[in-house]
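Asker: need coordinates for the below:
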Amino acid sequence: MVLFRTIDRSVTRERLISEPEVRPYLNLSQEVRSMKRRLSVQLIAGALALTLAACHDAGTAPDEGSLTDAPAPSFARSRGNQDISSALKEMMASVNDALAERGEKVRVSYVEWIAAPGAQHAGQTVYFDHRSKQMGSHWVPFDPWRWGSRDIYWLSDQVDGAATGVSAAATQAAVGRAMATWASVDCSNLPLVQWPDFGLDWGYTQYLTGFGGIPGWYADYTHAGWLPGDFFEFIGGPGASDEILGVTYTYIWVWTATGEPTDVDNNRKEDVAFRETYYNNKFSWGVNTGEPIDIETIVLHEAGHGLSQGHFGKAFRTTRNGKLHIAPRALMNAAYSGVQQDITGTDNGGHCSIWGSWPNN
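Answerer: Model (predicted):
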């Protein structure tokens, strides 16, 4: 078992493909131990003790690795009246520059966000470059850079785990129900496996933008928590905290030498490394409520992105009241329109087209 994920810089992707026993190594550097602004020494020690205990129970020694002590980068922002898409694209560029400087084998490929009630714009998928838009992306079955497993592992951050107006327990229960709903779609044999969060403040995007988090990732898909409106203003520009309910980042593997995306299974799609979702705590949230925002509905939507689904439907604004609408109504619409906790119609069809043959893609 490992706690943080990164790839041994001396191991090439070609070698990993031929030697699947090579595993990601344990990343427990001073980088994490210095994060006293977010995590106490006792919390790190407790999380490490849990990890070592779990490894001992499993009869598996943790991998060794080394890290350097590097603070989270700070990004200067001066975008004036840029729209949300332009601001998100600028932020992706800054994050990717930081990842390159850190020697990571991952880059942000695109960001997807869902619009809040009363938003001026429908949510969008914002690509870092045109190539990503043309290719799309998906997980690679048995990817040796992703545990070599057919399973998709997910976790939910408990440090930022409470939605405004809802207890942490009720928030996390709604997250669990949403993931169970996706796992129960009967057209696929997709194993969604929940992993513990070890009491750590997960979120690589969050870390790289200076809002806490951790310099690394663990699960394939992370619900990285409910963050303050300031985070959404920072990533999306002025007014973004009133527009964005949730946002999902897709990180892909890249060749270190060129920075080009990998496609080791030759399916003409970028290979997904991991995904992270953040929820906006400037809004009031509820359980099984249209207003405040229903947690389970938005988690279901964002988890759809986490499982490679895009937005569905066309946006329009009624002349009489100026309200934004998207039709036909579906869970994967780019704007919130009330409680939707079932996967039917186009949502089901989209999921089945992606996962129906997994892992024999």
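
Asker: quick check: phi and psi at Glu276.
Answerer: Dihedral pair for Glu276: phi -130, psi 140, per degrees, to the nearest 10.

Asker: which residues does the residue nearest the centre of the chain form beta bridges with?
Answerer: Closest to where the C-alpha atoms of the chain average out (Cα atoms, centre = their mean) is Glu276, at 1.2 Å. Beta-bridge pairing for Glu276 (DSSP bridges): Thr222, Tyr249.

Asker: looking at it now. What's its pLDDT?
Answerer: pLDDT, Glu276: 98.

Asker: and if you look at Tyr127?
Answerer: In this model, Tyr127 carries a pLDDT of 85.

Asker: does it really touch Glu112, like I thought?
Answerer: No. Using Cβ atoms under 8 Å, Tyr127 makes no contact with Glu112, being 10.0 Å away. Bear in mind the C-beta positions are built from the backbone N, C-alpha and C, glycine included.

Asker: more neighbours: which of these two?
Answerer: Glu112 (27 against 22; other Cβ atoms under 10 Å).

Asker: so that one, which of the three states?
Answerer: State at Glu112, reduced to three classes by DSSP: H, G, I helix; E, B strand; the rest coil: strand.

Asker: buried sites along the host helix or strand of Ile235?
Answerer: Per DSSP states H and E, Ile235 falls inside helix 229-236. For helix 229-236, burial by neighbour count (16 or more other Cβ atoms under 10 Å) applies to 231-236.

Asker: any chance of those in CSV, with pLDDT and distance to Leu192 too?
Answerer: Output for the buried residues of helix 229-236, formatted as CSV (pLDDT from 0 to 100; distance: Cβ to Cβ, whole Å):
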residue, pLDDT, distance to Leu192
Phe231, 98, 26
Phe232, 97, 27
Glu233, 97, 32
Phe234, 96, 31
Ile235, 96, 27
Gly236, 95, 29
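
Asker: list just the nearest of the residues you listed to Phe198.
Answerer: Set against Phe198, the nearest of the buried residues of helix 229-236 by Cβ to Cβ is Phe231 (22.3 Å).

Asker: with adjacent residues omitted, what lies nearest to the closest one?
Answerer: Phe211 (5.0 Å; Cβ to Cβ, 6 or more residues apart in numbering).

Asker: contacting residues for the one you found?
Answerer: If a contact means Cβ atoms under 8 Å, 6 or more residues apart in numbering, then Phe211 has 203, 227, 230-231, 234 as its contacts.

Asker: need the buried residues of helix 229-236 in CSV (columns: distance to Trp139).
Answerer: Output for these, formatted as CSV (distance: Cβ to Cβ, whole Å):
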residue, distance to Trp139
Phe231, 26
Phe232, 27
Glu233, 31
Phe234, 29
Ile235, 24
Gly236, 27
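
Asker: now, which of those sits nearest Pro261?
Answerer: Ile235 (22.1 Å).

Asker: tell me the buried residues in the helix or strand hosting Ala173?
Answerer: Counting by DSSP H and E, the element that carries Ala173 is helix 168-183. By neighbour count with 16+ other Cβ under 10 Å, helix 168-183 contains the buried residues 170-172, 174-175, 178-179, 181-183.
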